[in-house]
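> next input, structure requested:
(4 chains)
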2 protein chains.
Amino acid sequence: MSKMPTVKDVAEYAGVSVGTVSRVLSGEAAVKPLLREKVNDAISALGYRPNVTARALRTSRTDVIGLIVPDITNPFFAQLAASVERAALERAHSLMLASSHDDREAEQSHVSAFLHRSVRGIIVVASSDGSGLHLPASVPIISLDRRFGTFPLVSTNHAQAAALIADHLYGLGHRRITYIAGPADTEAGRMRKEGFVGRMEEFGKTGQPVELEIAYGRFDYESGERIARDLLSRPAQDRSTAIAAASDQQAIGALRAARDLKIDVPRKLSVTGFDDISLANLVVPRLTTIRQPADMLARRAVGLLLAEPPGAEDEMVDGSLIVRGSSGPCPQPKADIAGHTN
Amino acid sequence: MSKMPTVKDVAEYAGVSVGTVSRVLSGEAAVKPLLREKVNDAISALGYRPNVTARALRTSRTDVIGLIVPDITNPFFAQLAASVERAALERAHSLMLASSHDDREAEQSHVSAFLHRSVRGIIVVASSDGSGLHLPASVPIISLDRRFGTFPLVSTNHAQAAALIADHLYGLGHRRITYIAGPADTEAGRMRKEGFVGRMEEFGKTGQPVELEIAYGRFDYESGERIARDLLSRPAQDRSTAIAAASDQQAIGALRAARDLKIDVPRKLSVTGFDDISLANLVVPRLTTIRQPADMLARRAVGLLLAEPPGAEDEMVDGSLIVRGSSGPCPQPKADIAGHTN
DNA sequence: CTGAAAGCGCTTACAG
DNA sequence: CTGAAAGCGCTTACAG
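Numbering: from 1, shown residues only, chains lettered A, B, ... in the order given. You can find the predicted model right below:
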């Protein structure tokens, strides 16, 4: 490691100029087969690997992709980060990671830090809508999952996916439903809510009306638990028979509240989530939810970033409904009376 | 961004040489106050920021810390990564992240990729013991949580912490205990087991003997669930009254198995974990576990890495016992008969 | 204490 | 198609 061979060493060994070495390295320029071979022999004989820093200084371009997430500790973002790393690796790029902690200033400063080390491009899962609005982007920037400024967004089709949940709950007979929304200042939060509410309104017109209650929270466990606890403290006849949450974490919080209040899920209450984090399949009961195809999202984001010219169009990927044990038929009024009350 | 000012611009603006600019930048060399002030004025007037790439090329040293974890999707590693990022940021360094997926080759290749981009240092949470043995380290390497090769390790005192769990369960009256161990090819797995078993053997000598059953698995949910399911399928009188797991994930898997088999935790069975991932406080019942001080571990690892000369000694941090609802007094034989059997 | 100059390892017009 | 040379933006002996 202490004395790495350089282009100069390779050139000498191969008996050519450094320019020629560089040309075979790039693969672009035309080089006579004989020389190319000599150079390649020299490269493997010497175990030469190009110095990325020198290359970066010269071209002001690196093979590093910067990723900013609100919080790597959030299981969905962790999954997204893992997928982005894999996708980057597939395309011979490395990953630089930063957390914004849902703070716009931190987010901004991470972006400029990345810009400043001339990363190849930046993928950001925005902390909130307004963030990143006026950025002089010297490298491509792609929004992932949550829109960052006006940069192209790769995300699940939140509205379509949320409508899948609406269909599912309606199909099970639920007519009184609480929707736990995500923050209204995130596009994901709004789109999921609109998709869900919109579909329910359609049902109201074409089928049986649905009584919808909407509560707003953050995407985390605590919000879900708190909101569900409020709701479930009411007598059974005064509350919804289903809770649709905007995130798995909220839904898991709701599950916990139900458990604490001894309300049987799914027999007295259905609960659904959104994301399909790995935990969703481990809670009791296992959570009905929407699977977001993290690998595909990541691959597309990296694809847009690396494309020439970089992609400028949004890309939507469909989510899919995963039915598990936390959702079931709407409880019958009779059963309600027979069942234990609280 | 397109035209960043350089040392040359600053030098011209301040009426000094680039060497002088560089000297005030470094802060090390002595520069006359007057010139220093002129340079600083020029820097702020121009909004100059040094080009990290050029600096790296010249000094073959960057302000990037490379972190390799087995799997960022594992909540404990995510927590560790978040803490390392924070600690790095505190010391004005950035984080490059790579996942080994518990594969030694991938781990190795990430290390050399990092070495190759002359990171400031590398922190690795090893995939397994043997990994990283013979590395010509041109930059400091620190093992975090799990030993990588022979590099200095910063970790929780696994043995001490595991003994805390042993004390706790013994104190609750349990005399028949199953220990779910982590992989024997990880130091963490072995140390935790030894700490636990060692303490139990002490009890055997000084107090009442403990009947100990040991099962080996990986650190994940599935291992815990599978092993617990096997154990709990036996009639109550033929099985342990407590399960101590080597990780929270295993413990949560065990909780799920108990739930499926309708075995009441903690009244019929106590379950304990290790790590205190955020989920530990959300499962039902909440998990008794060992808290690993991720922030402190991270800060120390970064500290060793950045020290001059880099730290060469292992550092141990004590874990602490967090008692929650998943552990309770050993069930009395009478209660066993009265309770529901399976 | 300061300036002029070399050099880190590449890439890329510029000639030929 | 290939070589010689300039230059990316810094830092650091080397003189003075």
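
> export the helix or strand containing A:L297 to CSV, keeping only CA atoms.
In the assignment (DSSP states H and E), A:L297 maps to helix A:294-306. Listed next in CSV are the C-alpha coordinates belonging to helix A:294-306 (Å, rounded to 0.1, in the frame of the first residue of the first chain):
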residue,chain,number,x,y,z
ALA,A,294,-36.8,-0.8,-2.2
ASP,A,295,-34.4,-2.5,-4.5
MET,A,296,-36.1,-1.3,-7.6
LEU,A,297,-36.5,2.2,-6.2
ALA,A,298,-32.8,2.3,-5.5
ARG,A,299,-31.8,0.9,-8.8
ARG,A,300,-33.9,3.4,-10.6
ALA,A,301,-32.6,6.3,-8.6
VAL,A,302,-29.0,5.3,-9.3
GLY,A,303,-29.9,4.8,-12.9
LEU,A,304,-31.3,8.3,-13.3
LEU,A,305,-28.3,9.7,-11.5
LEU,A,306,-25.8,8.0,-13.7
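
> after the strand or helix carrying A:E12 comes which helix or strand?
A:E12 belongs to helix A:7-14 when elements are defined using DSSP H and E. Scanning forward in sequence from helix A:7-14 by DSSP H and E, the next helix or strand is helix A:18-26.

> tell me if that next one is near chain B.
No: taking CB under 8 Å from any CB of the partner chain as the criterion, helix A:18-26 and chain B are apart, separated by no less than 14.9 Å. Every C-beta, even on glycine, is put in place using the N, C-alpha and C of the backbone.

> could you tell me the angle between that helix and helix A:7-14?
100 degrees (axes from the mean of the first three to the mean of the last three CA atoms, to 10 degrees).

> in stretch A:294-307, which residues are buried?
By 16 or more other CB atoms under 10 Å in any protein chain shown, the buried positions in stretch A:294-307 come out as A:A294, A:M296, A:L297, A:A298, A:R299, A:R300, A:A301, A:V302, A:G303, A:L304, A:L305, A:L306.

> ugh, typo on my part, it should be stretch A:48-67
Under 16+ other CB under 10 Å, the buried positions of stretch A:48-67 are A:48, A:50-53, A:55-57, A:62-67.

> do stretch A:196-209 as well
Here stretch A:196-209 shows A:F196, A:V197, A:R199, A:M200 as buried, counting by 16+ other CB under 10 Å.

> can you show me the CA trace of the helix or strand the second one falls within as PDB?
Secondary structure assigned from DSSP H and E places A:V197 in helix A:187-206. What follows is helix A:187-206, C-alpha atoms only, in PDB (Å, rounded to 0.1, in the frame of the first residue of the first chain):
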ATOM      1  CA  GLU A 187     -45.300  14.600  -0.400                       C
ATOM      2  CA  ALA A 188     -45.400  11.000   0.700                       C
ATOM      3  CA  GLY A 189     -47.600  11.800   3.600                       C
ATOM      4  CA  ARG A 190     -50.000  13.800   1.400                       C
ATOM      5  CA  MET A 191     -50.100  11.400  -1.500                       C
ATOM      6  CA  ARG A 192     -50.800   8.400   0.700                       C
ATOM      7  CA  LYS A 193     -53.600  10.200   2.400                       C
ATOM      8  CA  GLU A 194     -55.100  11.500  -0.800                       C
ATOM      9  CA  GLY A 195     -54.900   8.100  -2.400                       C
ATOM     10  CA  PHE A 196     -56.700   6.500   0.500                       C
ATOM     11  CA  VAL A 197     -59.300   9.200   1.000                       C
ATOM     12  CA  GLY A 198     -59.900   9.600  -2.700                       C
ATOM     13  CA  ARG A 199     -60.700   5.900  -3.100                       C
ATOM     14  CA  MET A 200     -63.000   6.000  -0.100                       C
ATOM     15  CA  GLU A 201     -64.900   8.900  -1.500                       C
ATOM     16  CA  GLU A 202     -65.400   7.000  -4.700                       C
ATOM     17  CA  PHE A 203     -66.900   4.200  -2.700                       C
ATOM     18  CA  GLY A 204     -69.100   6.800  -1.100                       C
ATOM     19  CA  LYS A 205     -70.500   7.600  -4.500                       C
ATOM     20  CA  THR A 206     -70.800   4.200  -6.100                       C
END
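
> if anything else comes up later, I'll come back, but that's it for now.
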